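A.B. asks: this one's sequence-less:
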Ligand SMILES: *Cc1c(COP(=O)(O)O)cnc(C)c1O
């Protein structure tokens, strides 16, 4: 069985991965095959990811962060360029912008915690080269609006000389941060074929994991050749080397060239072996179980005035049920922290997603002010994420619910009704 990560044997953990005999066998088979770096399993995983998302091509890499940083480099984004992204996200979304020397322009979020399209519209400028909506908790951002805003920039967009993707696209790139939303739906169709490029994370705590890992799906206009785009990412994720290990393993095919100093962020077949098992049972087992857990929470909290339940579904969108982001309606930030302490005393692990970027030392030092993003702060200050993972039983969900309600009473007093 999986190593026990709990500090107490009774503690309900937050989101341990689902590792069972099938996962272990798949990794063992990969080890025994001798292909432990990028090879046939990675290529198969990519084909299946593309098919799942309904796109021509997907590439599997070693993290969301490196995959999406590579996207910014592909699109030639650098100093003087602006990238619009929400203040309410994980630091990775903004860190990649810092890595390439561009400027992150922060926007506020809506009540459903996704980025506010009106605020995006206000922040667009002639320097905007990319918009990164975040599907926070697994709920897709309002992608149609964002795509049409990007289209609206066509007349003022100034493509960089010497960057072919900017010239072909002729407007800002929409790169979806779908680190939380693999398997979420927009109008019934899986996330991955709405933005120009979608980035997924397969980090250990994410819905679908490869231990560490990430992928991109490409959904670019016709002017782009999917094979050429895939080829660029494939080569640049491996030092810029014209042939990967698999291609070089063919008889007589040893000679390679390097045409640009690439990066090193390929996925290994050990990771892909885990991913193939995860993907195969994703719609049949993972998503239905996560949905059932979130709906059990929803039944307990949506009818209780002390809480603001998360949006899991509306007429256009269905969450991937990655996080159950509960808010305590009348709690201050300090009271929320006290509630979390009380919940831990009831032996339940919870989390907060996320400290908005302006609260982080680096970003406040760069001049970003929390007061410019009032909604992000208001939501964050009241937010508590509850455990959601495949092996969480209904009985444990009920223990979590009781612990949260008891903790809120301990800190805020008995409920009015
Ligand atoms: C996890 C996460 C990332 C980073 O993913 P990695 O695969 O760890 O690089 C990016 N954005 C969000 C919103 C995340 O939660």
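C.D. replies: Cool, the structure landed. From a predicted model like this one, the values you see are computed outputs, not experimental measurements. Residues are numbered from 1 along each chain as shown.

A.B. asks: Spatially nearest residue to residue 377 (excluding sequence neighbours)?
C.D. replies: Sequence neighbours aside, residue 370 is the residue nearest to residue 377 in space, at 5.2 Å (criterion: C-beta to C-beta, 6 or more residues apart in numbering). In this view, the C-beta of every residue, glycine as well, is placed from N, C-alpha and C.

A.B. asks: number of nearby residues for that neighbour?
C.D. replies: Using other C-beta atoms under 10 Å, residue 370 has 17 other residues around it.

A.B. asks: Equivalent analysis for residue 231, please.
C.D. replies: Residues lying near residue 231 (other C-beta under 10 Å) number 14.

A.B. asks: How about residue 224?
C.D. replies: 16.

A.B. asks: Repeat that for residue 14.
C.D. replies: 19.

A.B. asks: residues contacting it?
C.D. replies: Applying C-beta atoms under 8 Å, 6 or more residues apart in numbering, we find residue 14 in contact with 205, 349-351, 385, 387, 389.

A.B. asks: re earlier: for the residue nearest to residue 377, report the pLDDT, please.
C.D. replies: Here the pLDDT value assigned to residue 370 is 98.

A.B. asks: which ones are touching it?
C.D. replies: 356, 358-359, 364, 376-377.

A.B. asks: Considering these, which possesses the most neighbours?
C.D. replies: Going by other C-beta under 10 Å, residue 376 tops the contacts of residue 370 with 27 neighbours.

A.B. asks: I figured that residue was touching residue 85, is that so?
C.D. replies: No. At 11.6 Å, residue 376 and residue 85 do not qualify as touching, with contact defined as C-beta atoms under 8 Å.

A.B. asks: any idea how far residue 369 is from residue 356?
C.D. replies: Separation of residue 369 from residue 356 (C-beta to C-beta, to the nearest Å): 11 Å.

A.B. asks: tell me the two of the contacts of residue 370 that are most distant?
C.D. replies: Using C-beta to C-beta, the pair of the contacts of residue 370 lying farthest apart is 364 and 376, separated by 13.4 Å.

A.B. asks: is it fair to say residue 85 lies in a strand?
C.D. replies: Yes. Per DSSP: H, G, I helix; E, B strand; the rest coil, residue 85 lies within a strand segment.

A.B. asks: What distance do you get for it to the ligand?
C.D. replies: According to C-beta to the nearest ligand atom, to the nearest Å, residue 85 and the ligand sit 10 Å apart.

A.B. asks: about what we covered before: specify which member of the contacts of residue 14 is nearest to residue 21.
C.D. replies: Taking these together and measuring to residue 21 by C-beta to C-beta, the closest member is residue 389, at 17.8 Å.

A.B. asks: which residues does the closest one contact?
C.D. replies: Counting by C-beta under 8 Å, 6+ apart, residue 389 touches 13-18.

A.B. asks: okay, those in a markdown table with secondary structure next?
C.D. replies: Compiled in a markdown table, the contacts of residue 389 are given as follows (three-state DSSP):
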| residue | secondary structure |
| --- | --- |
| 13 | coil |
| 14 | coil |
| 15 | coil |
| 16 | coil |
| 17 | coil |
| 18 | coil |
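
A.B. asks: Could you turn the buried ones of those residues into a ChimeraX selection?
C.D. replies: Remark: buried members of the contacts of residue 389, expressed as a ChimeraX selection using 16 or more other C-beta atoms under 10 Å:
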select :13,14,15,16,17,18
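
A.B. asks: separation between the residue lying closest to residue 275 once chain neighbours are set aside and residue 62?
C.D. replies: In space, and not counting its chain neighbours, residue 275 is closest to residue 210: 4.2 Å by C-beta to C-beta, 6+ apart. When C-beta to C-beta is the yardstick, residue 210 and residue 62 sit 9 Å from each other.

A.B. asks: Overlap of the contact sets of the two?
C.D. replies: By C-beta under 8 Å, 6+ apart, the residues touching both residue 210 and residue 62 are 267, 271.

A.B. asks: Looking at these two now, which is surrounded by more residues?
C.D. replies: residue 210 (30 against 21).

A.B. asks: Quick check, the more buried one in contact with residue 267.
C.D. replies: Yes. Residue 210 is within contact range of residue 267, at 7.0 Å (criterion: C-beta under 8 Å).

A.B. asks: Name the residues contacting each of the two.
C.D. replies: residue 60.

A.B. asks: in the chain, which ranges drop under the pLDDT threshold?
C.D. replies: Within the chain, the segments meeting pLDDT under 70 span 1-7, 416-417.

A.B. asks: Up against the ligand, what does it have?
C.D. replies: Residues of the chain found near the ligand (C-beta under 6 Å from any ligand atom) are 63-65, 89-90, 92-93, 134, 177, 179-180, 201, 203, 214.

A.B. asks: Just give me the closest of these to residue 397.
C.D. replies: Nearest to residue 397 among the residues of the chain next to the ligand is residue 180, at 19.9 Å by C-beta to C-beta.

A.B. asks: okay, now the closest one: neighbour count?
C.D. replies: 28.

A.B. asks: Make sure it is actually in contact with residue 320.
C.D. replies: Yes. Using C-beta under 8 Å, residue 180 makes contact with residue 320 at a distance of 6.6 Å.

A.B. asks: shared neighbours of the two, which are they?
C.D. replies: Residues touching both residue 180 and residue 320 by C-beta under 8 Å, 6+ apart: 135, 138, 207.

A.B. asks: Verify the contact between the first one and residue 182 for me.
C.D. replies: No. Contact between residue 135 and residue 182 fails when scored by C-beta under 8 Å: they sit 9.3 Å apart.

A.B. asks: so what's the residue nearest to residue 179 when sequence neighbours are not counted up against?
C.D. replies: Leaving aside its sequence neighbours, residue 179 sits nearest to residue 201 (C-beta to C-beta, 6+ apart; 3.7 Å). Contacts for residue 201 (C-beta under 8 Å, 6+ apart) come out as 63-64, 179-180, 213-214.
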